[in-house]
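Peer 1: Need the 3D shape of this:
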Amino acid sequence: MTSPLHAPMNEWSVVDDCLMVGGVPLPLLAERVGRTPFYAYDRRLLDARVASLRRQLPRELRLHYAMKANPMPALVCHMARLVDGIDVASGGELSVALDAGVDPGDISFAGPGKSETEITQAVAAGILLNVESAREVEVAARRSRDLGVPARIAVRVNPDFELKSSGMKMGGGPKQFGVDAEAVPSLLQDIDRQGLRFEGFHIYSGSQNLNADSIADAQQKTLELAIQLAATAPQPVRELNIGGGFGIPYFPGERPLDLAKVGDNLRVVVDRAKHALPHARLTIELGRYLVGEAGIYVCRVIDRKISRGQIYLVTDGGLHHHLAASGNFGQVIRKNYPVCVANHVADGPRAIVSVVGPLCTPLDLLADRMPMADAQPGDLVVVFQSGAYGATASPQSFLSHPRCTESLV
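Peer 2: Have a look, this model is predicted:
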C-alpha cells in the first residue's frame, strides 16, 4: 500500500531545481543571512494569502492577524498593512503591535493569565481588552479609575460547544480560556456596575481545522450564542470576534481547506448578524492560516552517516528551533512535515533518509525515513509550513546551541 503524500508545496517557486524565496535562490539567501539555521518568510506569499481571503470572504467581515502565530517585528509591520487589525496575547506582543503603527482601536488582547501590568498597558493604550475572569474585570476597573482612562472591554466566552475536527480545542467543556457561557450574564452585570465600557464578545472555539463543514457549524453556533448573550448585555454589541480555526495541511494525506465553502457560510453569518446585531462589526481572527505556509525553516547538513543501513542527515538545526516539526508540540503520533533538499528539489537520485539535529536526544528529529535527495554535507534542508509557531514556540536555549535568526524576504 502506497503511503499518502503531502499536499504539494506549489506556492513556492523552483528555478534550476533550486528553491526560491522572494525571488532569491535559497543558497544565495543563506549567504545573505550569514548563517544557518534560519527562518525565511516570503512577502509575496503573505500578500497572496490575504488577497485570496479577501476574494472569498464577505467584504463587511474584518480580518485580524493573530500575532501569536508569528510575532517577528518586520513580519508584523508587513501584516499590519494587509489586515484590519491585530490580536495580541501578551504585553510584549502589544508593544510590537503599537511599534508597528497599528491603531490602538484595531488591537485586541486575549489570554487567560494577564498580569496587572499587562492589563494596565491595555487600558493605557486604549485597546480592546478581552476579559477572561471576574478578577480581570476588577483589575481593569481599578486601573481605569487610577488612570482616568475608560477601559474598553469585551468578554471572551468559553462556548458550550467545540469546533469539531479541530487540532486544538479552545472552547467547550472545562477550559482555562474565557468565561463559561452560562456565567457571562452575571459578569456583564459586574462590568456595568464597575462603569466599564462594554463593547462585545470574543468567541474562539478551536484552531487548525481543515474541515469546512465543521468550521461553518461552529461559526453559526458562535453567532447564535452571541445573539443570546447580547440580550443580557448592558450596551449594544459593537464588536464580535468569531475566532478563526482555519487550518493548513502539514502531514501526509491532508488537503487544503475549502475556503470557498467557508466564505459562502460566512456570507450567511454576516447577513444574519446585520439584522440580529445591527451595531456590531464582525471580525475573523487568523494567525497560522495567514503566515504558516509563507515560511520555511532552513538548516545545513553537517554530516551524512549510515547506521545499520539507515541514512541520517545530521544538520545544524533541530527541535530547539522548530519544536513543532520534531513532533513535540501537540502531536500524539509523530508525523513528518513536508521537507526537501533546497538545492535538489526535484531532480537527482533519491534515498530514504532521516533528518536529525545536533542535540543529544533522540527527540531531535526533523524527518523520519522520508524519500529525499541524497544530500551531502553543505546542502540545505528545508522544512515547509514553518511560518507559524516556529522560532518563538521553540526552546531555543535547550543545550545552549546558538539561536536561529529570521528573515523577511
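Peer 1: Let me see the ranges of the strands in the stretch 51-200 of the chain.
Peer 2: Secondary structure of the stretch 51-200 of the chain, counting by DSSP state E, counting those that start in this stretch: strands at 62-66, 85-88, 107-109, 128-131, 152-158, 168-169, 179-180, 197-203.
Peer 1: Just the strands from the stretch 301-409 of the chain, written as ranges.
Peer 2: Under the criterion DSSP E, counting those that start in this stretch, the stretch 301-409 of the chain carries strands at the ranges 310-315, 339-341, 350-356, 365-373, 380-383, 405-408.
Peer 1: Among these, which comes closest to Leu53?
Peer 2: The stretch from these with the least distance to Leu53 (CB to CB) is strand 405-408; that distance is 19.7 Å. In short, each C-beta sits where N, CA and C put it, glycine included.
Peer 1: just to revisit the earlier point, redo the strands of the stretch 51-200 of the chain as TSV? Include mean pLDDT, distance to Arg238 and mean neighbour count.
Peer 2: Output for the strands of the stretch 51-200 of the chain, formatted as TSV (pLDDT from 0 to 100; distance: least, CB to CB, whole Å; neighbours: other CB atoms under 10 Å):
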stretch	mean pLDDT	distance to Arg238	mean neighbour count
strand 62-66	98	12	22
strand 85-88	98	14	26
strand 107-109	98	12	28
strand 128-131	98	10	29
strand 152-158	96	9	26
strand 168-169	49	28	14
strand 179-180	92	19	18
strand 197-203	97	5	25
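Peer 1: Let me have those strands in CSV, extended by distance to Leu19.
Peer 2: Listed next are these as CSV, based on distance: least, CB to CB, whole Å:
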stretch, distance to Leu19
strand 62-66, 26
strand 85-88, 30
strand 107-109, 35
strand 128-131, 39
strand 152-158, 40
strand 168-169, 29
strand 179-180, 46
strand 197-203, 38
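Peer 1: separation between the residue lying farthest from the centre of the chain and Pro362?
Peer 2: Among residues of the chain, the one most distant from the C-alpha centroid is Arg308; the distance is 39.7 Å, by CA atoms, centre = their mean. Distance check for Arg308 against Pro362: by CB to CB, to the nearest Å, it reads 15 Å.
Peer 1: can you check Ile242 too?
Peer 2: Summarising the geometry, the distance separating Ile242 from Pro362, computed by CB to CB, is 42 Å.
Peer 1: Then Glu93?
Peer 2: Distance, Glu93 to Pro362, using CB to CB: 34 Å.
Peer 1: The two: which has the busier surroundings?
Peer 2: With neighbours defined as other CB atoms under 10 Å, Glu93 and Pro362 compare such that Glu93 has more, 22 against 7.
Peer 1: Just the pLDDT for the more buried one.
Peer 2: Glu93 is assigned a pLDDT of 98 by the prediction.
Peer 1: swap in the one 5 residues further on?
Peer 2: According to the per-residue confidence, Leu98 scores 98 in pLDDT.
Peer 1: correct me, but it touches Ala122?
Peer 2: No. Leu98 sits out of contact with Ala122 when judged by CB atoms under 8 Å, with a separation of 10.9 Å.
Peer 1: quick one: which of these two has more around it?
Peer 2: For Leu98 versus Ala122, neighbours defined as other CB under 10 Å are more numerous around Ala122 (28 against 17).
Peer 1: Which residues are in contact with the more buried one?
Peer 2: Neighbour list for Ala122: 94, 109, 114, 129, 140, 151 [criterion: CB atoms under 8 Å, 6 or more residues apart in numbering].
Peer 1: cool, and Gln194?
Peer 2: By CB under 8 Å, 6+ apart, the neighbours of Gln194 are 137-138, 140-141.
Peer 1: can you give me the helices for the stretch 251-400 of the chain?
Peer 2: With DSSP state H, counting those that start in this stretch, the ranges of helices along the stretch 251-400 of the chain come out as 259-276, 288-291.
Peer 1: what's the most buried one of the ones you listed?
Peer 2: Of these, the one with the most neighbours on average (mean count of other CB atoms under 10 Å) is helix 288-291, at a mean of 26.
Peer 1: Summarise which helices and strands that one is packed against.
Peer 2: In this structure, helix 288-291 packs against helix 43-56, strand 62-66, helix 73-80, with contacts taken as 3 or more CB pairs under 8 Å, 6 or more residues apart in numbering; DSSP states H and E.
Peer 1: so which of these comes closest to Ile333?
Peer 2: The closest of the helices and strands packed on helix 288-291 to Ile333 is strand 62-66. By CB to CB, the value is 26.6 Å.
Peer 1: Could you list the paired strands of that closest one along with their orientation?
Peer 2: Paired strands of strand 62-66, with direction, are strand 85-88 (parallel), strand 281-286 (parallel) (DSSP bridges).
Peer 1: could you dump those strands to TSV with distance to Gly34?
Peer 2: Output for the strands paired with strand 62-66, formatted as TSV (distance: least, CB to CB, whole Å):
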stretch	distance to Gly34
strand 85-88	30
strand 281-286	32
